[in-house]
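Enquirer: the following block contains a protein sequence and its predicted model.
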Amino acid sequence: MTMRPSADPGFSVAGALALDALAARIAAELDGLAQLSGEVQLALSLCHFAEHTDPAAIRGLQRLDRITQALEDLGRLMAALSREIPQELQADSRPLLSQLRLQGLIHALALPGPAAAAPHAAPPAEPPIEDGDVQWF
């Protein structure tokens, strides 16, 4: 990763990402994933399982709590890191964002603007909730 000073500290320029803003946006994404994980835990707790559910399956479901806690911790770590990164440090966005598959995530992380704007950005639109069967994939 090549680091170079920004022409306008704290703002992304074409092809470059301010590292403090990127870290703040990653923190916000991790926080959102932790919330989703918590919602999945709640939804599963409301489900009715067979009386004799396999203990390995139960242990697997209990690991969701570990995932939620790890996402919360990593979100706090990235938020703290974003405050420690000098605003003038930038990196080329192409090799970083090319590692991601989800277009919504690429868009959320590559938005131009100051680091302080990331946590207050409008949340992405949620897909519609449909009643019916859950499709596992």
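Expert: Happy to help now that I have it. Residues are numbered from 1 along each chain as shown.
Enquirer: against residue 62, how distant is the spatially most central residue of the chain?
Expert: Centroid check for the chain by Cα atoms, centre = their mean gives residue 29 as the closest residue, at 2.2 Å. Note on residue 29: its distance to residue 62, by Cβ to Cβ, to the nearest Å, is 25 Å. C-beta here means a position set from N, CA and C on the backbone, and glycine is covered the same way.
Enquirer: do the same with residue 49
Expert: 13 Å.
Enquirer: and residue 82, by the same measure?
Expert: Distance, residue 82 to residue 62, using Cβ to Cβ: 32 Å.
Enquirer: between the two, which is the more surrounded one?
Expert: Between residue 82 and residue 62, counted using other Cβ atoms under 10 Å, the more crowded position is residue 82 (23 against 11).
Enquirer: the residue nearest to the centre of the chain touches residue 108, doesn't it?
Expert: Yes - counting by Cβ atoms under 8 Å, residue 108 is a contact partner of residue 29 at 6.4 Å.
Enquirer: so which elements touch the longest helix belonging to the chain?
Expert: Counting residues, the longest helix found in the chain (DSSP state H) is helix 55-84. When contacts are defined as 3 or more Cβ pairs under 8 Å, 6 or more residues apart in numbering; DSSP states H and E, helix 55-84 packs onto helix 19-45.
Enquirer: quick check: mean pLDDT of the helix it packs on?
Expert: Helix 19-45 shows a mean pLDDT of 94.
Enquirer: can you list the buried residues in it?
Expert: The neighbour-count check on helix 19-45 (16 or more other Cβ atoms under 10 Å) flags 19-31, 33-34, 37-38, 41 as buried.
Enquirer: kindly report the same for stretch 56-72.
Expert: 61, 68, 71-72.
Enquirer: next one: stretch 89-105
Expert: The neighbour-count check on stretch 89-105 (16+ other Cβ under 10 Å) flags 89-91, 93, 96 as buried.
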